[in-house]
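K.L.:
predicted structure and sequence below. I'll ask about it afterward.
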Amino acid sequence: MPTRLDILRESEARLAGVDSPRLSAQLLMAEVLGCSTAAVYLDRDREVAPDQAARIAELVARRAGGEPVAYILGRREFYGLEFEVAPAVLIPRPETEHIVERVETLFARESAFHFADLGTGSGILAVTIATLFPHAKAVAMDLSEPALEVARRNAARHGVADRIRFVRGDFTRPLPHGPYDLIVTNPPYVTEREMAEASPEVTAFEPASALVSGEDGLDHVRAMLGPVLDALRPGGALLMEVGWRHGEPIKKIMSRDFPEIGPVSIIRDLAGYDRVVFLRK
Ligand SMILES: C[S@@+](CC[C@H](N)C(=O)[O-])C[C@H]1O[C@@H](n2cnc3c(N)ncnc32)[C@H](O)[C@@H]1O
């Protein structure tokens with residue numbers, strides 16, 4: 001019978017054409033063997049039963065076809081919590097954690113604020129914030145009913161479903177259930193050109209409606225700023241994830257269309273890329 005190391009090597013070779021072949025092979029093996037990724041190595045001389053080897057080969061074949069590991073496993077971690085993911089929702093990205101980090105600096109743990117998560121997808125923002133702030137209440141909105149179903153299950157998984165109202169709706173229209181103390185959102189912001197050049201792992205598997213936003217990536221932002229600002233209470237905060245070069249264009253839109261609101265600040269990551277726009281009404 002082949003050992004764990006034999007299968008790991010063979011899987012890695014079959015995954016040579018996709019992103020992160022070694023990590024993908026480890027994660028898929030760990031899933032089937034019911035162990036940690038570290039144990040795949042630590043017990044590398046252990047033999048793998050034929051049914052498990054066959055199951056690993058099946059998952060590796062899906063990955064070799066470009067399917068992201070998160071969809072194959074049906075889960076992804078965000079801010080230390082595990083979330084269900086499915087093809088109806090965007091796979092949570094670490095960039096989005098910047099929003100939660102900032103929320104943690106804005107509100108005291110026991111504070112009872114009311115917030116909206118617009119374009120909730122898998123529900124990561126609404127559910128993580130509701131988990132961190134036990135008295136906060138949320139409205140989580142998405143156009144996609146299949147996405148809202150995933151988000152509802154994630155809220156139930158983390159015990160916060162009773163504090164999140166899930167709403168199917170369009171965030172470019174007047175927003176219901178306001179006013180809000182806080183609005184968080186990670187709207188689609190990929191430009192058409194970036195999408196055309198993106199890895200097939202993104203374009204063939206993740207929902208385009210969750211990613212693309214016109215020629216300059218700002219169609220959704222332009223359309224949602226009015227309703228968002230209307231729905232914030234005076235002093236309420238907006239934290240919006242943006243494209244890596246979108247900070248300045250958004251500042252310009254704000255000073256032209258909403259000169260009474262300011263200042264608008266741009267939160268950058270360690271590499272210096274624009275990540276989040278922050279403002280108070
Ligand atoms: C970039 S994804 C973000 C998902 C999730 N919040 C996250 O951070 O992983 C954008 C989400 O916005 C939703 N969406 C796109 N246009 C929308 C609109 N006009 N109104 C409401 N939701 C919209 C998409 O269905 C998708 O779930």
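P.N.:
Yep, it's here.
K.L.:
interface residues of the stretch 101-250 of the chain facing the ligand?
P.N.:
119-122, 124-125, 141-144, 147, 170-172, 186-188, 209-210, 220 (Cβ under 6 Å from any ligand atom). Every residue, glycine included, has its C-beta placed from N, CA and C.
K.L.:
narrow those residues to those in helices?
P.N.:
I124, L125, A147, H220 (DSSP state H).
K.L.:
N186: what's it in contact with?
P.N.:
T96, I99, G119, G121, L125, M240, E241 (Cβ atoms under 8 Å, 6 or more residues apart in numbering).
K.L.:
and those residues, which two are furthest apart?
P.N.:
The most widely separated members of the contacts of N186 are G121 and M240, with 14.5 Å between them, by Cβ to Cβ.
K.L.:
tell me the strands beside the lengthiest strand in the chain, with direction?
P.N.:
As assigned by DSSP state E, the longest strand anywhere in the chain is strand 232-241. Applying DSSP bridges, strand 232-241 is found paired with strand 180-185 (parallel), strand 274-280 (antiparallel).
K.L.:
buried residues of the very next helix or strand once past the shortest one, list them for me.
P.N.:
Just to be clear, that refers to strand 180-185. Sequence order places helix 192-197 as the next helix or strand after strand 180-185, per DSSP states H and E. The neighbour-count check on helix 192-197 (16 or more other Cβ atoms under 10 Å) flags M195 as buried.
K.L.:
gap between helix 192-197 and the chain center?
P.N.:
Mean-position distance between helix 192-197 and its chain equals 19 Å (Cα atoms, centre = their mean, to the nearest Å).
K.L.:
quick one: contacts of that helix?
P.N.:
Contacts for helix 192-197 (Cβ under 8 Å, 6+ apart): V202, T203, A208, L211, V212, G214, E215, G217.
K.L.:
how about 6 Å then?
P.N.:
Around helix 192-197, the neighbours that count as contacts under Cβ atoms under 6 Å, 6 or more residues apart in numbering are V212, E215.
K.L.:
G121 and M240: which is more packed in?
P.N.:
Between G121 and M240, counted using other Cβ atoms under 10 Å, the more crowded position is G121 (27 against 24).
K.L.:
contacting residues for that one?
P.N.:
G121 touches V89, L90, A147, counting by Cβ under 6 Å, 6+ apart.
K.L.:
try 10 Å
P.N.:
83, 85, 88-92, 96, 140, 142, 144, 147-148, 150-151, 154, 186, 207, 210 (Cβ atoms under 10 Å, 6 or more residues apart in numbering).
K.L.:
check the secondary structure at R76 for me.
P.N.:
Following DSSP: H, G, I helix; E, B strand; the rest coil, the label given to R76 is strand.
K.L.:
give me the number of residues near the spatially closest residue to it that is not a sequence neighbour?
P.N.:
For R76, ignoring the flanking residues on the chain, the nearest one in space by Cβ to Cβ, 6 or more residues apart in numbering is A70 at 4.1 Å. Residues lying near A70 (other Cβ under 10 Å) number 22.
K.L.:
which other residues reach the helix ranked longest in the chain?
P.N.:
In the chain, with assignment by DSSP H, the single longest helix is helix 50-64. Under the criterion Cβ under 10 Å, 6+ apart, residues 1-2, 4, 6-8, 10-21, 24-25, 27-34, 47-49, 67-69, 71-73, 201 lie in contact with helix 50-64.
K.L.:
quick revisit: out of the contacts of N186, the closest to V277 would be?
P.N.:
Ranked by distance to V277 (Cβ to Cβ), these are led by M240 at 4.7 Å.
K.L.:
what sits against the closest one?
P.N.:
Residues in contact with M240 (Cβ under 10 Å, 6+ apart) are 99, 118, 183-187, 189, 220-221, 224-225, 228, 246, 250, 275-279.
K.L.:
narrow the residues of the stretch 101-250 of the chain next to the ligand to just the buried residues.
P.N.:
By 16+ other Cβ under 10 Å, those give 119-122, 124-125, 141-142, 144, 147, 171-172, 186-188, 210, 220 as buried.
K.L.:
now the strands for the stretch 101-250 of the chain?
P.N.:
Assigned by DSSP state E, counting those that start in this stretch, the strands in the stretch 101-250 of the chain fall at 114-118, 137-142, 164-168, 180-185, 232-241.
K.L.:
need the CA coordinates for the second one. CSV is fine.
P.N.:
Only the C-alpha atoms of strand 137-142 are listed here, as CSV (Å, rounded to 0.1, in the frame of the first residue of the first chain):
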residue,chain,number,x,y,z
LYS,A,137,-27.8,43.6,15.9
ALA,A,138,-27.4,43.4,12.2
VAL,A,139,-29.2,43.5,8.8
ALA,A,140,-27.4,41.3,6.3
MET,A,141,-28.4,42.0,2.7
ASP,A,142,-27.6,40.4,-0.6
